[in-house]
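Asker: Next come a sequence and a model predicted from it.
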Amino acid sequence: MGHKSKDEIVLETAALKGLAHPLRVALIDALSAYGPATASALAERLGESSGATSYHLRQLEKNGFVQEDTTRGSGRERWWERVPRPISLNSTELEPSSADRAASDLVMGEWQRNRQKRLSAYLAHGLEAVGKDWLEASGVMTANLQLTREQMNDLGEELSAVVDGYLKKYRNQKKPGARPVQIHVDVFPLIDGVEQPGSVGGSTEDEL
């Protein structure tokens, strides 16, 4: 949900309504992070009933977010995968009090909670869960700069290009030793900051 791609799913009215449910966001998120799964496996992962996950997966399929993985399974239970297209949402075009804005806020809020939950779990239990080698290879970084709007946009596009390159190169790889890895990219202005026209700020950086 960031800089636009040519083949993205744009969350307009119909698509928003098809995604605006906490479990549907969680299903998309789980399929994105861990790959194809059955409704039963997703139910176990998310602490839901298989009936609920089956229903919401079918609704996601109708709206073009997921599809059946026909390369897996024996026909007894369907396997699902996320449609491999980025999702884009431009909430600035939505009226503040509209139903679309409420749906947008729900989707974004659930997405943020899900990724914060995973980051918090990594920070709290990473060493025992994945071991020292994986911990040393990972990183969590916060950096602060004074940028113009144009410079911030350029930075976002460059970071997106780097991530897109890795997605194209390694998406769905099955190399021995590979495991699910999540990448977070946020570039945004601090809402309690003040524009300083003509000034050039320094940078500060904290890294874990």
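Answerer: Looks like it arrived, so ask away. Numbering: from 1, shown residues only.
Asker: does Lys117 sit in a helix, a strand or a coil?
Answerer: Classification of Lys117 by DSSP: H, G, I helix; E, B strand; the rest coil places it in helix.
Asker: do Glu81 as well
Answerer: When classified by three-state DSSP, Glu81 comes out as strand.
Asker: Any idea how many residues pack against it?
Answerer: Glu81 sits with 18 neighbouring residues when counted by other CB atoms under 10 Å. Bear in mind the C-beta positions are built from the backbone N, C-alpha and C, glycine included.
Asker: now Gly64
Answerer: Neighbourhood size, Gly64 [other CB under 10 Å]: 13.
Asker: surely it meets Ala15?
Answerer: Yes - taking contact to mean CB atoms under 8 Å, the distance of 7.4 Å between Gly64 and Ala15 places them in contact.
Asker: Can you report how many residues neighbour Ala37?
Answerer: Neighbour count of Ala37, defined by other CB under 10 Å: 21.
Asker: so it sits right up against Trp80, yeah?
Answerer: Yes - counting by CB under 8 Å, Ala37 does reach Trp80; the two are 6.4 Å apart.
Asker: overlap in contacts of these two?
Answerer: The overlap between the contact sets of Ala37 and Trp80 (CB atoms under 8 Å, 6 or more residues apart in numbering) consists of Leu31.
Asker: Leu135 contacts Leu127, correct?
Answerer: Yes - the pair Leu135 and Leu127 qualifies as a contact (CB under 8 Å) at a distance of 5.6 Å.
Asker: May I see the domains of this protein written out as residue ranges?
Answerer: Under the assignment named as automatic domain parsing, the residue ranges that make up the domains of the chain are 1-136, 139-208.
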